[in-house]
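Undergrad: Here is a sequence with its predicted model. Questions after.
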Amino acid sequence: MRRIADEVKAKFQANPLLGAVHDDWLEPVPEMKLVIDQDRARALGVTSQRIRQMLQATMSGAPLDDFRDGEETVSIVAREPEASRHLLSAVDSVSIPTDFGGFVPLSQVAKVVPVLEQGVEWRRDRLPTISVRATLPDGVQSNDVVMKMYSEMQGLRDGLAPGYNIEIQGGAEDSAESQASIAAKAPIMLAVIVVLLMIQLQHFGKAMLVLATGPLGIIGAAAALLISGAPFGFVAILGVIALLGIIMRNSIILVDQIDQDIASGMERSEAIIGSAVRRFRPIMLTALTAVLALIPISRGVFWGPLAYAMMGGILVATVLTILVLPAGYALFFGRERKKAKDAEQAAEPKLAENDDRPRLPLAAE
């Protein structure tokens with residue numbers, strides 16, 4: 001694992017954008033390790049388990065009994081004195097019982113050697129894991145650099161032994177998990193939206209027209225994020241999802257106004273144009289109010305991407321909705337009344353031609 005982590009750190013150090021490359025296991029620390037001579041221990045009748053038990057009793061103590069002192073229980077522990085049990089010489093002087101009824105000093109079957117061990121060993125999913133980290137300059141998106149570095153390590157990942165993996169952690173991993181959770185619930189959300197639109201409009205075609213105006217907010221959101229330099233992460237995605245409801249609300253208002261004007265006897269073309277003109281001012285004022293309300297949180301590091309995405313999306317989508325929705329309504333539903341009139345006009349001459357009743361001339365007296 002150390003060797004693989006060093007190779008990953010070498011890849012990081014080769015990137016000029018990355019600085020302060022390090023891992024979370026830090027450097028190995030010196031420790032004392034007890035090495036048992038198994039051949040000599042078996043010849044003397046000493047087992048490794050017995051050695052561990054005697055060392056545990058000498059260094060940490062062996063509980064013998066409990067002593068009741070009023071309301072407190074005090075454990076009676078047998079162990080080396082405080083002054084000697086922290087010395088390495090205390091290990092060599094420990095006597096180990098043998099299977100033959102005698103005792104042998106620990107130094108006869110084992111020795112203490114200095115080794116380098118990991119001072120900190122982090123685990124992930126119960127597996128030892130080394131995390132390699134680095135710093136980025138301001139204005140550089142971490143997700144872009146991480147994905148680029150991960151693709152450049154394809155050869156290193158393909159050459160790993162079975163059981164070893166190089167995975168992405170940090171913000172990129174959290175963003176991927178969050179997006180996966182949103183994508184899993186997106187079909188349910190769309191189904192509920194379609195049902196609500198059908199209840200409100202009671203027309204499948206008009207409901208689909210309103211639903212089609214929802215993605216218009218992505219244009220403004222992408223432009224605002226590009227201009228501001230904010231990342232398109234999990235928080236920005238939440239802003240785009242919130243835009244869907246705001247945009248469709250404006251579309252529902254326009255469609256409902258058009259239907260009301262048509263029901264009152266107004267021509268379809270006049271109703272479409274008149275509704276867009278009359279609703280332009282309240283819709284734009286509502287959009288500007290929402291944009292102004294998002295300005296205070298736009299300077300925040302966490303909520304900034306959401307604010308920029310919603311502000312750009314609301315402005316652009318509101319203008320596009322005023323233009324696109326009336327055009328779409330006129331394209332798909334603007335000719336129904338005209339066809340009906342043509343049918344009525346075509347039927348009137350036929351009735352006149354087939355009318356054989358005598359007609360009396362009118363004369364003025």
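TA: Great, that's in hand. Residues are numbered from 1 along each chain as shown.

Undergrad: Rounded mean pLDDT for stretch 51-70, please.
TA: Confidence for stretch 51-70, expressed as mean pLDDT, is 83.

Undergrad: So which bits of that stretch are buried?
TA: Neighbour-count burial for stretch 51-70 flags Ile51, Met54, Leu55, Ala57, Thr58 (criterion: 16 or more other CB atoms under 10 Å). Quick note: C-beta positions are derived from backbone N, CA and C, even for glycine.

Undergrad: any chance of the residues you listed in a markdown table, with secondary structure and distance to Phe333 too?
TA: Output for those, formatted as a markdown table (DSSP: H, G, I helix; E, B strand; the rest coil; distance: CB to CB, whole Å):
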| residue | secondary structure | distance to Phe333 |
| --- | --- | --- |
| Ile51 | helix | 89 |
| Met54 | helix | 92 |
| Leu55 | helix | 88 |
| Ala57 | helix | 90 |
| Thr58 | helix | 92 |
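
Undergrad: isn't Ala242 right next to Ile314, touching?
TA: No: judged on CB atoms under 8 Å, Ala242 makes no contact with Ile314 at a distance of 9.6 Å.

Undergrad: Over to Pro16: give its phi and psi.
TA: phi -70, psi -20 (degrees, to the nearest 10).

Undergrad: if I look at it, how far off is Ile76?
TA: 65 Å (CB to CB, to the nearest Å).

Undergrad: Compare those two and say which is more crowded by neighbours.
TA: Ile76 (11 against 7; other CB atoms under 10 Å).

Undergrad: Look at Ala242 and Ile314 and report which has more neighbours.
TA: Ile314 (27 against 16).

Undergrad: Hmm, Ala224 and that one touching each other?
TA: No: Ile314 lies out of contact with Ala224 (CB under 8 Å); the separation is 9.6 Å.

Undergrad: quick check: domain ranges of this structure?
TA: Annotated domains of the chain cover 1-28+132-168, 30-36+82-117, 172-347 [automatic domain parsing].

Undergrad: Which residue ranges of the stretch 51-200 of the chain form helices?
TA: With helices called from DSSP state H, counting those that start in this stretch, the stretch 51-200 of the chain shows them at 88-92, 142-152, 154-158, 171-201.

Undergrad: Pull out the CA atoms of the very next helix or strand once past the last one and give them to me as CSV.
TA: Counting by DSSP states H and E, the element after helix 171-201 in chain order, helix or strand, is helix 204-212. C-alpha atoms of helix 204-212 as CSV (Å, rounded to 0.1, in the frame of the first residue of the first chain):
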residue,chain,number,x,y,z
PHE,A,204,-52.3,16.2,-21.9
GLY,A,205,-50.9,18.3,-24.7
LYS,A,206,-50.9,21.5,-22.7
ALA,A,207,-49.4,19.7,-19.7
MET,A,208,-46.5,18.5,-22.0
LEU,A,209,-46.1,22.0,-23.3
VAL,A,210,-45.7,23.4,-19.8
LEU,A,211,-43.3,20.6,-18.9
ALA,A,212,-41.2,21.4,-22.0
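
Undergrad: tell me which residues of helix 204-212 are tucked away?
TA: Buried residues in helix 204-212 (16+ other CB under 10 Å): Lys206, Ala207, Leu209, Val210, Leu211.

Undergrad: for this structure, what spans make up the strands?
TA: For the chain, the strands defined by DSSP state E cover 19-23, 29-36, 62-69, 72-78, 95-97, 103-105, 110-117, 123-124, 127-128, 132-135.

Undergrad: looking at it, Phe103 is touching Ser95, isn't it?
TA: Yes: under the criterion of CB under 8 Å, Phe103 makes contact with Ser95 at 4.2 Å.

Undergrad: Pick out whichever of the buried residues of stretch 51-70 sits closest to Ile283.
TA: Comparing the buried residues of stretch 51-70 against Ile283 with CB to CB picks out Leu55 as the nearest, at 80.0 Å.

Undergrad: Could you pull up the residues touching the closest one?
TA: For Leu55, the contact set (CB atoms under 8 Å, 6 or more residues apart in numbering) comprises Leu34, Val91, Val94, Leu106.

Undergrad: what's the answer for Glu270, then?
TA: Neighbouring residues of Glu270 by CB under 8 Å, 6+ apart: Asp261.

Undergrad: Stretch 291-308: which residues count as buried?
TA: Residues of stretch 291-308 classed as buried by neighbour count (16+ other CB under 10 Å): Val291, Leu294, Ser298, Trp303, Gly304, Pro305, Leu306, Ala307, Tyr308.

Undergrad: where does the stretch 1-150 of the chain have low pLDDT?
TA: In the predicted model of the stretch 1-150 of the chain, residues 85-88, 139 satisfy pLDDT under 70.

Undergrad: what about 90?
TA: Within the stretch 1-150 of the chain, the stretches with pLDDT under 90 are 1-3, 6, 10-37, 40-128, 131-150.

Undergrad: Wait, Ala224 touches Leu306, no?
TA: No: judged on CB under 8 Å, Ala224 makes no contact with Leu306 at a distance of 10.9 Å.

Undergrad: between the strands of the chain, which gets nearest to Glu7?
TA: Of the strands of the chain, nearest to Glu7 by CB to CB is strand 132-135, at 9.8 Å.

Undergrad: neighbouring strands for that closest one, and are they parallel or not?
TA: The pairing partners recorded for strand 132-135 under DSSP bridges are strand 19-23 (antiparallel).

Undergrad: Can you mark which positions in the partner strand are buried?
TA: Buried, per 16+ other CB under 10 Å, within strand 19-23: Val21, Asp23.

Undergrad: show me what contacts Trp303?
TA: Trp303 neighbours (CB under 8 Å, 6+ apart): Val235, Ile297.

Undergrad: Distance of it relative to Met284?
TA: From Trp303 across to Met284, the span is 25 Å (CB to CB).
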